[in-house]
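Novice: Provided below are the primary sequence and the corresponding predicted coordinates.
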Amino acid sequence: LDFARRAADLPLPLPARDRPAADPGPEAWDAAKARIAKSARGVSAPLQALAVLRLGVEQGIEAGLAEERATFLRLRQGEESAALRHLFFAERAALRPADLRGTAPLAVARVGVVGGGTMGVGIAAALRNAGLPVTLSERDEASLTRATTALQGIFDAAQRRGSLSEAEAQARMAGVTPVTGLAALADCDLVIEAVFEDLDTKRQVFADLARHCRPDAVLATNTSYMDPRSIVAGLPGADRYIGLHFFSPAQVMKLLEIIPLPDTSDTVRATAWDLARKLGKIPVRSGICDGFIGNRILRHYRAAAEALMRDGIGHADIDAAMRGFGLAMGPFEMQDLAGLDISFLHREAARARGEDVPETLGDILVRAGRKGQKTGGGWYDYAPGDRTPRPSDDVARLIAPLCAPPRDLPGPEIARLLVAAMAAEGQHILDEGIAASAADIDLVEVHGYGFPRAKGGPMFLAARAGQGA
């Protein structure tokens, strides 16, 4: 009130349209354009907003306002706007599944994480970033030391980036209780198993958890491929088990695939969705199948990319096409980063079970010792300490007998074919009831696999194409 009385006798500031706007000059505009192009990769509106601003400064506010309105109307009618609105509503619907409205989640005051590898440490970091106390369990002291060192490294890196203060980083680490064995998890409200993908190991972990944990504690597996029913088969309290598939790095990636088992209670399901909200994740329900939603589509995407290779399209051209489409990297660069041996071992395990799994070009590379960046070579060669992919004569020699003579295919056509393969498998997933909606599949691809937001997702694109858009 005192301020208002004083201000009443002061001269009013000029309206915005009457204030002078100094032109910073071509160099400043070019610098802003370069900065925005880097931060808004694949999205057109921010650069167009800059162009409108520049026009208004150079030609006056009336011209700027007219151009702003025309640009807005044009963008609103575009595919990018439709895609972003599609995701806007899908993300909000994902947080509030209709069948769980009215079901109260369990209170979760402490979470246990079993396994201190990359995934377990990432999950622990995500939980601490949400303010949840964590008990981190490993099998022995040496493994526990490695896990806590890695976790400390995550918080130290956040502090160096300026996203955490020193006191906040210390508080994050102080909320972690490192333990060996599983007995110390007895007071946890939720335990997330994140050991490596071996059925016998996971079954043993859950058998021990069933003995040590309270009967009302929620027990979750982070498996990315296995049927969670086989992990907990025969254990008591069937209503408390659930799958929580985090994506690596778990403290960064927003997707959380939630896999209820047939006997999982609504209360446990509601608790999983409540946890996702606390962690700032996008939760998507998946039915049970090999790879769930995301990894199942990924497998078919990679198979379609290899089929193009066998048809004479170079893998570097395929990677370039998908980068041009808006992905951070192509399918072969992604395999080199993650390690070709991971999917190879999964295929080998399926073959050992008697399943008919065709030999892939990636299998040939792994058997030749090329497992990706970690071995200095996968689909590409890598110099020590340098992640820049370089063409490989060894790869060309290994795959040449299995591929057609080299030929060219335009990048947009390569991208169209691969996205269509993703959408086709997504439709199978939808038809089988593995996913609840096409929008859920798009959320998985955008938040788990880097599909460009401005494209809306493979199912969105397929639907638009079907409508003749």
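Specialist: Structure received. Numbers count the residues shown, from 1 in each chain.
Novice: what's the offset of the one helix or strand residue 439 maps to from the middle of its chain?
Specialist: Applying DSSP states H and E as the criterion places residue 439 in helix 438-449. Taking CA atoms, centre = their mean, to the nearest Å, the mean C-alpha location of helix 438-449 is offset from the chain mean by 9 Å.
Novice: And for stretch 3-12?
Specialist: 53 Å.
Novice: helices or strands next to whichever helix or strand comes after the helix holding residue 439 in the packing?
Specialist: Proceeding N to C from helix 438-449, the next assigned helix or strand is helix 458-466, under DSSP H and E. Here helix 458-466 is seen to pack against helix 79-94, helix 411-431, helix 438-449 when contacts are counted using 3 or more CB pairs under 8 Å, 6 or more residues apart in numbering; DSSP states H and E. (C-beta placed from N, C-alpha, C; glycine too.)
Novice: Turn these into a markdown table, columns for mean pLDDT and distance to residue 198.
Specialist: Below are these laid out as a markdown table (pLDDT from 0 to 100; distance: least, CB to CB, whole Å):
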| stretch | mean pLDDT | distance to residue 198 |
| --- | --- | --- |
| helix 79-94 | 97 | 31 |
| helix 411-431 | 98 | 26 |
| helix 438-449 | 98 | 23 |
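Novice: any idea which of these is most buried?
Specialist: helix 438-449 (a mean of 25; mean count of other CB atoms under 10 Å).
Novice: how about the helices and strands packed on helix 458-466 in a markdown table, adding distance to residue 381?
Specialist: Shown next, in a markdown table, are the helices and strands packed on helix 458-466 (distance: least, CB to CB, whole Å):
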| stretch | distance to residue 381 |
| --- | --- |
| helix 79-94 | 37 |
| helix 411-431 | 23 |
| helix 438-449 | 25 |
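Novice: Can you tell me which of these is nearest to residue 284?
Specialist: helix 438-449 (4.8 Å; CB to CB).
Novice: and the angle from the closest one to helix 411-431?
Specialist: 120 degrees (axes from the mean of the first three to the mean of the last three CA atoms, to 10 degrees).
Novice: where exactly do the helices run in the stretch 251-400 of the chain?
Specialist: 266-279, 294-310, 315-325, 331-338, 340-352, 361-367, 393-399 (DSSP state H, counting those that start in this stretch).
Novice: any idea which of these scores lowest on pLDDT?
Specialist: Per-stretch mean pLDDT for those is lowest at helix 340-352 (a mean of 88).
Novice: Show me the contact partners of that one.
Specialist: Helix 340-352 is contacted by residues 197, 225, 299, 302, 335, 357, 360, 362-363, 365-366, 370-372, 378-379 when judged by CB atoms under 8 Å, 6 or more residues apart in numbering.
Novice: which of the residues you listed are buried?
Specialist: The neighbour-count test (16 or more other CB atoms under 10 Å) applied to the contacts of helix 340-352 identifies 225, 299, 302, 335, 360, 362-363, 365-366, 370-372, 378-379 as buried.
Novice: Tell me if I'm right that residue 362 and residue 306 touch.
Specialist: Yes: under the criterion of CB atoms under 8 Å, residue 362 makes contact with residue 306 at 7.2 Å.
Novice: and residue 242, helix, strand or coil?
Specialist: The local conformation at residue 242, judged by DSSP: H, G, I helix; E, B strand; the rest coil, is strand.
Novice: er, residue 24 I mean
Specialist: Classified using three-state DSSP, residue 24 is coil.
Novice: and it, how far is that from residue 58?
Specialist: Noted for residue 24: a distance of 11 Å to residue 58, by CB to CB, to the nearest Å.
Novice: closest to residue 322 out of the helices and strands packed on helix 458-466?
Specialist: Evaluated over those, closeness to residue 322 peaks at helix 411-431, with 6.0 Å, by CB to CB.
Novice: and that closest one, how far out from the chain's middle?
Specialist: Centroid separation for helix 411-431 versus its chain: 18 Å, with CA atoms, centre = their mean.
Novice: Okay, and residue 119 sits in which element?
Specialist: Following DSSP H and E, one finds residue 119 within helix 118-129.
Novice: I'd like to know how many residues surround residue 132.
Specialist: 19 (other CB atoms under 10 Å).
Novice: Residue 443 reaches residue 284, doesn't it?
Specialist: Yes: the criterion here is CB under 8 Å, and residue 443 meets it with residue 284 at 5.4 Å.
Novice: Give me the common contacts of these two.
Specialist: Common neighbours of residue 443 and residue 284, using CB under 8 Å, 6+ apart, are 94, 255.
Novice: Please enumerate residues in contact with the helix holding residue 439?
Specialist: Here helix 438-449 has contacts from 86-87, 89-91, 93-94, 247, 253-255, 257, 282, 284-286, 293-294, 297-298, 422, 426, 429-430, 435, 451-453, 456-460, 463, using CB under 8 Å, 6+ apart.
Novice: give me that answer again for 6 Å
Specialist: Under the contact criterion CB atoms under 6 Å, 6 or more residues apart in numbering, helix 438-449 has outside partners 90, 94, 247, 254-255, 282, 284, 293-294, 426, 435, 451, 453, 457-460.
Novice: what separates the closest residue to residue 327 other than its chain neighbours from residue 333, distance-wise?
Specialist: Nearest residue to residue 327, sequence neighbours excluded (CB to CB, 6 or more residues apart in numbering): residue 450, at 5.5 Å. Separation of residue 450 from residue 333 (CB to CB): 12 Å.
Novice: can you check residue 76 too?
Specialist: Distance, residue 76 to residue 333, by CB to CB: 35 Å.
Novice: Ok, residue 425 next?
Specialist: Going from residue 425 to residue 333 by CB to CB gives 21 Å.
Novice: One more: residue 56?
Specialist: From residue 56 across to residue 333, the span is 41 Å (CB to CB).
Novice: export the helix or strand harbouring residue 149 as CSV, just CAs?
Specialist: According to DSSP H and E, residue 149 maps onto helix 141-161. The C-alpha trace of helix 141-161 is given here as CSV (Å, rounded to 0.1, in the frame of the first residue of the first chain):
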residue,chain,number,x,y,z
GLU,A,141,32.2,-55.0,0.3
ALA,A,142,34.2,-54.6,-2.9
SER,A,143,31.1,-54.4,-5.0
LEU,A,144,29.5,-52.0,-2.5
THR,A,145,32.5,-49.7,-2.6
ARG,A,146,32.4,-49.5,-6.4
ALA,A,147,28.6,-48.8,-6.2
THR,A,148,28.9,-46.0,-3.7
THR,A,149,31.9,-44.5,-5.6
ALA,A,150,29.8,-44.5,-8.8
LEU,A,151,26.8,-42.9,-6.9
GLN,A,152,29.1,-40.2,-5.4
GLY,A,153,30.3,-39.6,-9.0
ILE,A,154,26.8,-38.8,-10.2
PHE,A,155,26.2,-36.2,-7.5
ASP,A,156,29.7,-34.7,-8.0
ALA,A,157,29.0,-34.3,-11.7
ALA,A,158,25.7,-32.6,-10.9
GLN,A,159,27.6,-30.3,-8.6
ARG,A,160,30.1,-29.4,-11.3
ARG,A,161,27.3,-28.7,-13.7
